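Visitor: coordinates only, sequence not included:
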């Protein structure tokens with residue numbers, strides 16, 4: 001009797017063997033990366049964080065631009081070039097993010113990420129052509145995808161493009177929303193006068209609208225700082241290849257790539273004025289981080305002021321009423337804390353810390369050494385974290401705090417009458433020394449300036465009313 005035959009599923013191998021210039025490597029069968037990327041993945045099991053997706057997507061834009069430039073320059077055939085373009089577009093659009101697996105803390109030039117992009121694009125092209133992954137047919141990762149390029153000029157180019165896009169499309173719009181909300185509050189509350197404070201002590205009156213107008217101006221300047229940062233990123237290293245001399249590339253390559261990137265993004269990119277500078281130093285990128293740090297300093301000021309002005313509700317300054325977003329204590333019922341302000345302040349602290357990392361990354365002898373900066377992946381990671389934190393922080397602050405923020409008008413205006421520093425408006429009439437004596441007497445007796453002046457008969461009531469017009473004190477030039 002014949003044995004019953006059992007069907008068996010064909011097992012798909014978990015691994016395939018790929019080869020690079022150093023030999024053979026086992027690569028997961030499903031992966032579009034190759035041997036070089038696998039080596040980097042194995043060599044750098046450091047943070048568990050891969051290079052920011054914004055940089056990966058910028059690599060897609062860059063590889064597409066390079067392929068188009070090489071086709072224009074007749075250095076690569078149309079069929080090969082168009083295959084690279086389609087694969088690079090898939091990278092730029094985020095379709096292949098799972099195939100970018102190299103840790104942030106890798107080779108400082110970003111070589112591993114550049115090769116990751118080259119291999120993914122080449123293998124995507126192989127699949128499209130019906131060839132085996134890893135065959136390097138019809139497109140070779142080095143000879144074709146990387147034609148006219150080096151990791152030393154592609155990574156700094158991609159990090160510039162990525163940061164410029166994130167600033168223009170994410171952070172600047174978030175700052176603008178916050179600026180508009182602050183400006184709206186400034187207009188709405190411009191008729192409310194409050195006591196000013198310097199050194200945390202009572203000062204002369206100021207309108208709430210003036211205070212919030214100052215915050216709105218900080219955000220307007222933050223938007224200008226975004227523009228300055230984008231301009232600093234507009235010079236691209238592409239075309240410098242290994243050390244900035246442009247070896248193995250066409251003299252028109254950089255200009256054509258920059259034009260392609262400008263067309264694709266809507267931003268203006270141009271060839272670096274000096275390629276050795278663009279690759280040996282990252283001063284422009286350090287400048288960008290400095291602008292982000294300054295924006296963080298502005299935001300921390302606004303968040304901390306609002307936190308103080310909303311302190312209370314009964315035993316603090318209590319001039320503002322912050323929206324209640326969550327219970328503030330596990331033991332004190334009914335307590336509400338300024339959690340949105342606290343979140344923003346922590347964000348700002350982290351951005352300042354990131355700026356220190358970026359500064360050290362650009363530092364001579366640390367990152368910038370001879371003909372190449374070797375801290376670029378870390379710098380890119382820090383800048384993109386800062387942009388993301390600031391963007392999300394501004395959106396949070398606008399939506400969860402500013403839109404429902406209230407002024408406690410009666411309390412705020414009532415504090416002014418009891419302030420000693422309103423005596424300042426009397427000094428031009430009764431003299432500085434007499435005014436100081438009035439303030440001290442009012443403080444000693446627990447009375448108001450008005451009460452002491454009338455008691456001492458220094459001014460009549462009509463004069464005093466005119467001089468103690470709190471709104472007028474905030475409009476001295478009217």
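Guide: Done, it's in. Note that this is a predicted model, so its numbers are computed, not measured.
Visitor: okay, CA-based contacts and neighbour counts for the rest of this
Guide: Will do.
Visitor: quick one: residue 108 and residue 372 touch, right?
Guide: No: applying Cα atoms under 8 Å, one finds residue 108 not in contact with residue 372, separated by 9.2 Å.
Visitor: Mind checking which of those two has more residues around it?
Guide: Shown here are residue 108 and residue 372; by other Cα atoms under 10 Å, residue 372 has more neighbours (23 against 20).
Visitor: residue contacts, the closest residue to the more buried one other than its chain neighbours?
Guide: Nearest residue to residue 372 in three dimensions, chain neighbours excluded: residue 280, at 3.9 Å (Cα to Cα, 6 or more residues apart in numbering). Residue 280 is in contact with 243, 368, 369, 370, 371, 372, 373, counting by Cα atoms under 8 Å, 6 or more residues apart in numbering.
Visitor: Now the element after the helix or strand residue 127 falls within, going C-ward?
Guide: Secondary structure from DSSP states H and E places residue 127 in helix 111-128. Using DSSP H and E, the helix or strand that follows helix 111-128 in sequence is helix 151-166.
Visitor: which residues sit against that next one?
Guide: 54-59, 62, 109-111, 113-115, 229-230, 233-234, 236-244, 265, 267, 279, 285, 372, 376, 380, 383-384, 387.
Visitor: Taking their axis directions, that helix and helix 111-128 sit at what angle?
Guide: Taking axes from the mean of the first three to the mean of the last three Cα atoms, to 10 degrees, one finds helix 151-166 and helix 111-128 inclined to each other by 80 degrees.
Visitor: Could I get the buried residue list for helix 151-166?
Guide: 151-166 (16 or more other Cα atoms under 10 Å).
Visitor: go on, stretch 164-184?
Guide: Buried residues in stretch 164-184 (16+ other Cα under 10 Å): 164-168, 170-179, 181-184.
Visitor: Determine the set of other helices and strands touching the least confident helix or strand in the chain by mean pLDDT.
Guide: In the chain, no helix or strand scores lower on mean pLDDT, DSSP states H and E than strand 15-20, which sits at a mean of 90. When contacts are defined as 3 or more Cα pairs under 8 Å, 6 or more residues apart in numbering; DSSP states H and E, strand 15-20 packs onto strand 23-28, helix 35-43.
Visitor: who wins for proximity to residue 76 among those?
Guide: helix 35-43 (23.4 Å; Cα to Cα).
Visitor: how far does that closest one sit from the chain's center?
Guide: Centroid separation for helix 35-43 versus its chain: 30 Å, with Cα atoms, centre = their mean, to the nearest Å.
Visitor: and if you look at stretch 402-411?
Guide: Worked out by Cα atoms, centre = their mean, stretch 402-411 lies 30 Å from the chain centre.
Visitor: what about that stretch, average pLDDT?
Guide: Mean per-residue pLDDT for stretch 402-411: 97.
Visitor: got it, and stretch 220-239?
Guide: pLDDT averaged over stretch 220-239 gives 98.
Visitor: One more: stretch 179-186?
Guide: Mean predicted lDDT for stretch 179-186 stands at 98.
Visitor: quick one: that stretch to chain centroid distance?
Guide: The answer for stretch 179-186 is 21 Å, by Cα atoms, centre = their mean.
Visitor: Same question for stretch 467-477.
Guide: 41 Å.
Visitor: Can you point out the buried residues in it?
Guide: 467, 468, 470, 471, 472, 473, 474.
Visitor: cool, and stretch 341-353?
Guide: So for stretch 341-353, counting by 16+ other Cα under 10 Å, buried means 341, 343, 344, 345, 347, 348, 349, 350, 351, 352.
Visitor: Over to stretch 295-309?
Guide: Quick answer for stretch 295-309 (16+ other Cα under 10 Å): 295-300, 302-304, 306-309.
Visitor: just curious, which of these is nearest to residue 41?
Guide: Nearest to residue 41 among the buried residues of stretch 295-309, with distances taken as Cα to Cα, is residue 296, at 34.0 Å.
Visitor: So which elements touch the helix or strand that contains that closest one?
Guide: With secondary structure defined by DSSP H and E, residue 296 is part of helix 283-309. If you count contacts as 3+ Cα pairs under 8 Å, 6+ apart, helix 283-309 packs onto helix 208-233, helix 339-362, helix 376-400.
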